[in-house]
Structure formats: structure tokens, C-alpha cells
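1. fold the following, please.
(chains A and B)
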Amino acid sequence: MKKRILVVDDEKNLRILYEEELKSEGYDVEVADSAESAFKCLDRKEYDAIVLDIQMPGMSGLEAMGHILHKNRKQAIILNTAYSQFKDDFESWSADAYVVKSADLTELKEKIKELVG
Amino acid sequence: MNHRDIKILVGEKDAKTLQRIRKILTEESFNVWTSDDPGELLRIYESGSFDLLILDIKLYAQLRRENFRLGQPEDDQAQVIILTDEGDFSNALEAVKEGALDFIEKPVRVKRLLVSIRNALQQARKLQEIRQDQKELAALKELYERIIDGIDYGIVVLDPELRIESINRHLQRKQREDASNAVGRNCYRFFYNRSSICDHCRIKEVFDSGAPVKYNMIHRTRWGLQYHLEVEAFPLFDHEGRVNRVVQLSKDVTERVQLEEELREKKDYLENLLAHAPVGIISTDQHGLIRAANAEFVDIIGLKDVRQVIGLSVLESEEFVSNGLAEGFRRVLSEGIPLEIDSQVCQFSWGRQSICSLRCAPLRSQDQQIAGLIATVQDVTVRSHLEENFRKRIAELSIFKELGELLQSTVDLQDIYAMALIGVTAGVSLGFNRAFILRYDRSSNVLIGETAIGPSDAQEAGRIWTDLYKKQLSLKEIFENYKETLGSKDVRVNEIVRRLRVQMTWEEGLLPEVLFRNVPKNVHNASQTTFSDQRMLAAELGSEAFAIVPLISRGKVEGVIIADNRISGKEITEEDVNRLSIISNQIGAAIENSRLLQNLEEKVEALRVAYLDLKENRDLLLRAERLSAVGEVAAMVAHEIRNPLTSIGGFARAIKRDIEKSIKVETNRRFLDIIIEEVKRLERIVSEILGFVRPVAMRFAPTNIHEVIDQTFSMMSGEIDGSKVIVTRDYQPDMPPIWIDADQIRQVLLNMLRNALHAMKGEGMLSVVTEATDNAVRIYVADTGEGIRPHHVDKVFNAFFTTKTTGSGLGLTISMQIIKSHGGSIQVDSREGEGSTFIITLPLRSGEVSHEEEDSRRRRRKKSAHSV
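-> Predicted structure coming up:
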């Protein structure tokens, strides 16, 4: 059975990129353009991993992660952000992985693989 | 006697007789004068002093009728020889009775005449002699009588029955009674109106013994008056040697007695005064021999009896010579220079040593000759000691003061120590011989000898102290001197002090007592103790007696000061220890000051360093702020660029991968479109960032704001035309031109319009209204879009704040910056769901004004620069 991954990013083009790339890795990929729409997805089904952008209009990724963890979801959370400095923010320590956005998706793919197999 | 000197006058009526007598007498060489006329005869007789008159009886009778008298023996008259006729004896005898010496019968015989003349001359000579004797006796009698009457003594002659035989005038006068009836009366009756002999009378005694007596008696009158009489009585003897009379001499000595009494009283008074005067008094004669002295003087010089000093010479007596007083006395006696000595240590061999003050002045006789001296002597030992104490106290205080001032001149610890040592050893007040400072090292709990002052031996001490005494140096001078000769003096004591190193323990001992209990100690017989540290100190210092006081600064013990009198051996009193403590306190305070100052200096240094750090930090901070702003911008830029880059890169990689597989051509085209789109977006972001980061030179010009608004709308026409947005423009008529940079204001307006369009999502009403007030122009840009959430209203001007997915978040920030640089402002009025109104306020002629202001400021600055 394919592992299911939810990608949350406000950037439309990035959503397309991640969707295409992670699908080609063999994952079942769904996308959400905000934290709020991500919660809707989470209400519907379970995911093995969530790739979460931090800087988003509306609720930020960190805030969203708080809500998700509060509901005690079992999926891995990978923070995926343009900001490297959030790595030092203790809120982000709750995440399972922290990946700085890059055109080279190797690191992201490796982390996902590591966390969900 | 030569006959020529004998003058003879012959009177004879008968010429023959006269001739014959003249012949005889001339032959005998007498000086002969003759006359036969009674008148002529008398004239001749009276004109010269004749020794002999030979006169015819008839002429005599005629002369008698003319009142001629024959001289009596006592008269100083010529002897007369009468010439008678023969047988006329009766008349001749009558003449002899009347004083004639002889008579010669006529005719005159030569021999008879010459014998008679010789007898007459002899008779005359005898008479002369008798007369002379009588005269002398009479003069003598008168003299005695005058003496007896004039003498101040009462003289009375008494017979054995005490009857007055004679009384002199003085006594008569004294008696006030008629003295004529005195003779024959009893003396007691006459003088004292008594019926019997007086009680104290000793006249009888004189009669009985024949020896004179002399006594005083007091006679009281009936009227109560009192006479003092000095009585002397001596006997007169008859030819058989029996006392038949007594002469009593009495003198009224009342006045003398009274005077004597007064004198005695005065003398007693003066003697009393002298004896009880609280000062010692002596007087001497002109030779300096003591004639009088009082008990106080005797007491001062330590003798018992006044008689022991009477007769001593103030010039030669060893006591006065050895005490240096003789010379002063000599000057008083020889030159009359008064002597004043306020205090002199006098050592009298028979008595004690005392400090005396002495005043001495010459005594002068009535003719101003120096007749001796009088001196007063006071024992001022006690006063002197008091004064000495005062002087000492003052000297002490002045040393403390001087030391205090000196201590203020330094904060160097070594200097302070040196001053302490000098204060302890200098001057008359403390004047310890040697002083040591031991410093307490708290960390190692060791008392360490620090420094010391003091001579090595008596010889050096003598030299130094004499030197100091001569020069009368102040502490400051001594200190300077000390600094100059540092190392060359006080060698021995510094050797000692350097050896001193005492590990402190909490055992019983001298040093813990002083150091930790803060008790000053006056140590005697230092080595006679159970305290080992005290024995050690005694041995090291070579001193059995010393004072040791703690040196305390700010409540913390810094060490001890030890001082002794090893050289002079002078006893250390409790007072000395107190003074040492005072100096120790002064030193403690000075050390504290030194520490405080040192701390202060350290703090100042720290502050200076901190200030420099701060300054550097501030520069760093400014730079960091700039850097952080830059960094922030960079981060934002990175974020903003990273997303597109990520997608461009990501897709580019995918395209590359897929192109290598030569499949999905259509997809690849789509991807390439994305890449183009993203690149355009990057261009825009970059230009916006540049506009924010790089300051743009402003170009102000009077501008019609309505034209600028219109131009902006034309730039937006494409977007507006393709939407359902209705645009209304309501311009203030007669709008004055305003000083603005049109390009920049256009950028602001563009941003506003774009935001409005974005907010309305292609549908709604966009209205622009202008309004001019007295000093400003307002531009309202209102839309009917979604509005801004209340909690976002405050943030809209913050850099990178955006709610848009595509915006940089810099638009409003840059707009605000531009308007502010025009001296204006932007306000927002927004309601969520209803729309927003941005109000831009621009000052009228803002640029002009600001430029003018800038110019006038510059001018003012120049002026003031000139005026300065």
C-alpha cells in the first residue's frame, strides 16, 4: 500500500512541484493551500506524513503543527520552509524533520523515506 | 708798755704847774695833752681815748657841774689823778670817793707824780682785765640761760625736800600757770597738784644714792590728755660731797612715742603682709645681701626658717649662681634693670626642684641711688606643668592636623605608611624613638613587617634629633627629606621589620588581642610573659617596652603600629598609647581613602572601558541594525525569492530529467511557462526591494496633483478596463500646485490603486477624492473591497506584511516612506467586508518650505559661525 503524504503550501507552483515529484517517488500525494484546508483533509483521512510550509497567509505552519499535534495524530510532520532560522525556534523542535526549501528535493525525499519508509 | 702809747690829758689852771707837769711827763716820753679851760678840756677828753687824766680839783669841780663823772671801775674810762692845793684833803678825799684814783699835793714832786701815774696805769690794766672777765662771764651766763630757757627739755632744780629751786622757761610755758610762784613749792604740788610725792617718782632715789636715773613716765592730765615724758635726773653735790640738789630734765616725747607706735604698727602690718603674702619676697641691700625674706620664700627654696637666708648674698651664693639668677640680680643692683623670669627650673641644694617665676626690681633711696633690690618669687611648678601639658596638647593637635593634611596629599599606601611613621616619631608630642608598621595579609593570615623608622643607636639618634630640633622642620619637610634619603636611613629598623613575619593563630597572644580584638596595648617587661608572640617581638625589636595599636580601615584590620623608646628609654604612658591610637585611626582613614580612591580610579577606568565598549557597541549596533535591516531584507528577499527559485529550479530539474527521457513534451512546455512567469515575478520583487533599500534622490517641483492622479490611472487602464470596477474621480477645484516628486507620488498612487483593485477582486467602486485645506492637500483613495482585519490595520505599513499570496509586503512600507519624505502622512480607515480608505496628506508647498527652511537654517548656521 502506498504511503499517503499531505503537502501544505500556499505557493501554487510549489504544490504542483511537490505533488509531481513525490508522486514520481511512489507516494500517494495530496496538497492543501493553507493550514485550514489541511485540517479539512486531516478530518477526512489519515496521512503518513505531512510536509508543512511555515510562512503562509492565515495560520502559520508552526501554529498548524500545534493544532495537529494537539489532536495526537500519528503522522510524521516535516517542516518545509524557506527560512532556515526557524530551525532554532523551539516550536519547530516538535516536528519530526526540518527541511529548508530547495530546488534540490533530495533532502526532502530522504527525510520522508526515513520517516515513512 | 711803751710810754708813747700812753695818752695823758692834763688840766691845770696854773700855767707854772701845768708847764712843770708837761715838762716832767714829756721827759718821760708820755703822749701829753694839756688845757686850762674846762670846755676845751672836755672836748679833748671826749675826742680821744685817754689812759689817764690829771685834773686840778677846781677844774674837776667845774666839770662836775658840767655833768662830768669820774669813771667807775666797770666803766671804760680813764683813770683820774686829782691835783690839790696843799692841805685841801677834804675835797681830794671827796674826789677819791667819787672814783679818782689818787691825789697829789701841789707843788708837784716829780717822784710822787711818776709813782702815782705808774699805780694808776697798773690799776687801769687790772680794771681792764676784770672788766674783760666780767664781760666774758656775762656772755657765758647769757648763753647758758638762753640754752636752758630755749632747750626743749623742762629743767627743774629741786632741793632735798623736793621744793623747786629753779625752773626753766620751757617748763614754765608748758605749765601754763604763772610760774612766778613756783620757786619754793613742792614739785608734785606745782606740777601735778598733788599733796604727796608722785607714785613713780625716782628723785628721792637720786638724793639717796647720788646716782643719776633715767626713766619714762606717762602723765595724765586732769583733762584726760596723756603725755609721755622722758625723765632724767642727776644729783648736784655740795663741797662735802653730799647731794644737796637734784636737777630733773624732762622731755615731752608724746609725739615721738605716738610716731613710734604708728611706725611699729606699720612695721607689724608690713611684716604681717610680708609674712603671709602668697609669694616669696626677699629684699637685699646694695651689696646683694638678703635683709628680709618671708616664710613663703623660705618655703619655696625648701628651708624652714627665715633666719637661714638672712645675710645670704644673691650675687655670690652658690644657689643663686648655679640657677643662673645671680647675673640678673647683679644687673638689677648695678644698672637698675628690672628682672622678669616667667619660668625657670630652680634646683636648690637644700630643697626640692621647682619651677619659679621671678620678678625683681631695684629699691632706691630718696636720692634715687640703688639701695638694694626686692624680688618676688612664685612657685609655678603646677601652673607650669599645666601649661606644659597645654603646650604638649597643642603640639599634639597640630601634629595630628599636620599629619591629616599631609595624608590628604597622597593615596600611595607606602607614602601613607611613611607619614604614619613620621607622625609617630616626630615632634615633642609623641616623639617615639622608633616605629614599625606590620601589615596584615588576610588571605594568608600573616602579619608582615612592612616598614619602619628610627635611629639605630643613641649616636645616630642624637644626630638626627639635634638636626630636626635645629631645623624645626614641619612634618611635610621631614617627609620630603625622608623620601629623598629613602633607603640610606633607618637601615637597622628596616632590617628588623623585614624579618618580622608572624603567622597568626587563634591562640592566646598579644597580637591576636591587638589585631582581632582591636585593643591597643602598652607592653612592659615584654619578655616576662607566657605569650610567645610577645616574647618574639621583644626579642626581634630588642625592646622590653613598646606600644602596639591596631591599624584599622573601614572596620577591617590592616595591621599594627608598634612604637617604642628604645634609645631614650623614656617610659611609655597610657597617654602615649592613646595618641598612637589616634594616629593609627588617621592612618586607617587615609588607607581607606586610598582604597576608595583606588576603587574609584578602578571604577573610572572600568567605566571608561565600558564607555569605549559601549561606543564601539553602539557603532556595532548601528552597523548591526543596518546589517540586520539588510539581513532582514535579505532573509525576506531569500524567502520571497526562494519559493519561485524552488519551483523554477524544481521544474527545471524535472524538465531536464523528462527531456532526457524524451517524453511529456506538452508538460515540459507548461513547465517552461511557469519558469518564465516566475522569472518575471523575481524581476518585480527585485525592483521593489531596490526601491526600498536604495535611497532615491528626490526631485521636487510644483506639480498639479490631479495630473499625477490621472497619469496613474492611465498606467492602470489595462487592469481597470479588464475588470468590473467603477472609477470615480472627485477633484477639488482650483487646486494649487504642490511641491512634490511626481515620480514618487505616482509610485505611491499606483500602489494604492493596485491594492484597491486587489482588495475588490475585480468588482466594486474605486473613488479618488482630493481636498485642499489652508496648508495641506488630502487624497482619499477608497475602495469597496474586502477591507482589512482590525488586527492587521496596525501592521499594513510594516515591511513584508502582506495578505496577498503574490505581494512582497513592501508596497505600503515604501509608500509611507515616500509620503513621510514629503512631510506628509498616510492614514487608513478600513472596515472588514466593506472596504478601505487610504488618506494621503501632503503639505502645500511642502518641498519649497522644507527647502527654504533648510536654506535659512544653513544661513543661520553661517551667521552664528561668523558671530562666533
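
2. so does stretch A:110-117 get close to chain B?
-> No. Applying C-beta under 8 Å from any C-beta of the partner chain, one finds stretch A:110-117 separated from chain B by no less than 15.2 Å. Heads up, the C-betas are built off the backbone N, CA and C, glycines and all.

3. buried set for the host helix or strand of B:Glu296?
-> Using DSSP states H and E, B:Glu296 sits within helix B:295-300. Within helix B:295-300, the residues that qualify as buried are B:295-298, B:300, counting by 16 or more other C-beta atoms under 10 Å in any protein chain shown.

4. that one: how far from the chain's middle?
-> 33 Å (C-alpha atoms, centre = their mean, to the nearest Å).

5. please enumerate the helices of chain A.
-> Per DSSP state H, chain A carries helices over the ranges A:12-24, A:35-44, A:61-70, A:106-116.

6. what sits against B:Asn522?
-> B:547, B:572-574, B:576-577 (C-beta atoms under 8 Å, 6 or more residues apart in numbering or on different chains).

7. could you look up the SS state of it?
-> Put simply, B:Asn522 is strand when judged by DSSP: H, G, I helix; E, B strand; the rest coil.

8. avg pLDDT for stretch B:587-594?
-> Mean pLDDT, stretch B:587-594: 83.

9. so B:Pro786 touches B:His792, yeah?
-> Not quite, residue B:786 is Glu, not Pro. No. B:Glu786 is beyond contact range of B:His792, at 11.2 Å (criterion: C-beta atoms under 8 Å).

10. pick out whichever of these two has more residues nearby.
-> B:Glu786 (18 against 15; other C-beta atoms under 10 Å in any protein chain shown).

11. next up, phi/psi of the more buried one, please.
-> phi -70, psi -20 (degrees, to the nearest 10).

12. ok, and the closest non-adjacent residue to it?
-> Closest residue to B:Glu786 apart from its sequence neighbours, by C-beta to C-beta, 6 or more residues apart in numbering or on different chains: B:Ala759 at 5.4 Å.

13. what helix or strand is that neighbour on?
-> Going by DSSP H and E, B:Ala759 is part of helix B:742-760.

14. equivalent analysis for B:Ser443, please.
-> Judged by DSSP H and E, B:Ser443 forms part of no helix or strand.

15. check contacts around it.
-> Per C-beta under 8 Å, 6+ apart, neighbours of B:Ser443: none.

16. please name the residues that touch the spatially closest residue to B:Val380 that is not a sequence neighbour.
-> In space, B:Val380 comes closest to B:Ser357 once its chain neighbours are excluded; the distance is 4.7 Å by C-beta to C-beta, 6+ apart. By C-beta under 8 Å, 6+ apart, the contact list for B:Ser357 reads B:341-344, B:377-378, B:380.

17. the closest residue to chain B within chain A: how many residues sit nearby?
-> In chain A, the residue that lies nearest chain B is A:Ala103 (2.3 Å; C-beta to the nearest C-beta). A:Ala103 has 15 neighbours, counted by other C-beta under 10 Å.

18. at the contact with chain B, which residues of chain A appear?
-> So far as C-beta under 8 Å from any C-beta goes, chain A lies against chain B at A:10-14, A:16-17, A:20-21, A:55, A:57, A:82-83, A:85, A:101-105.

19. gap between the two ends of stretch B:777-790?
-> 27 Å (C-alpha to C-alpha, to the nearest Å).

20. in that stretch, what's buried?
-> For stretch B:777-790, by 16+ other C-beta under 10 Å, it's B:777-788.

21. coming back round to it: are any of the contacts of B:Ser357 buried, and which?
-> Using 16+ other C-beta under 10 Å, the buried ones in those are B:343-344, B:377-378, B:380.

22. including pLDDT and secondary structure, could those residues go into a markdown table?
-> Formatted as a markdown table, those follow (pLDDT from 0 to 100; DSSP: H, G, I helix; E, B strand; the rest coil):
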| residue | pLDDT | secondary structure |
| --- | --- | --- |
| B:Ser343 | 79 | strand |
| B:Gln344 | 80 | strand |
| B:Val377 | 87 | strand |
| B:Gln378 | 86 | strand |
| B:Val380 | 82 | coil |
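
23. B:Gln827: which of those is nearest?
-> B:Ser343 (100.9 Å; C-beta to C-beta).

24. if I look at that closest one, how far off is B:Cys356?
-> Here B:Ser343 is placed at a distance of 7 Å from B:Cys356 (C-beta to C-beta, to the nearest Å).

25. what's the overlap in contacts for those two?
-> In contact with both B:Ser343 and B:Cys356: B:Val380, using C-beta under 8 Å, 6+ apart.

26. so what's B:Cys710 closest to, chain neighbours aside?
-> In this structure residue B:710 is Asp, not Cys. In space, B:Asp710 is closest to B:Arg729, 7.8 Å off (C-beta to C-beta, 6+ apart).

27. wasn't that neighbour part of a strand?
-> Yes. According to three-state DSSP, B:Arg729 belongs to a strand.

28. wouldn't it be in contact with B:Thr712 here?
-> No. Contact criterion C-beta under 8 Å: B:Arg729 and B:Thr712 do not qualify, at 10.9 Å.

29. neighbour count for the two, which is higher?
-> Taking other C-beta under 10 Å, B:Arg729 and B:Thr712 do not tie; B:Thr712 has more neighbours (20 against 13).

30. so the more buried one touches B:Leu753, yeah?
-> Yes. Under the criterion of C-beta under 8 Å, B:Thr712 makes contact with B:Leu753 at 6.3 Å.

31. in PyMOL, how would I select just the buried ones from the contacts of B:Asn522?
-> Buried members of those can be picked out in PyMOL with the line below, counting by 16+ other C-beta under 10 Å:
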select buried, chain B and resi 547+572+576+577
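
32. just the contacts of B:Asn522: which are in helices?
-> Per DSSP H, the subset of the contacts of B:Asn522 in helices is B:574, B:576-577.

33. quick check: B:Ala654 vs B:Val247, distance?
-> With C-beta to C-beta as the criterion, B:Ala654 and B:Val247 are 191 Å apart.

34. run a quick neighbour tally on the nearest residue to B:Val213 once chain neighbours are set aside.
-> When the adjacent residues along the chain are set aside, B:Val213 lies closest to B:Arg202, with 4.8 Å between them (C-beta to C-beta, 6+ apart). Neighbourhood size, B:Arg202 [other C-beta under 10 Å]: 18.
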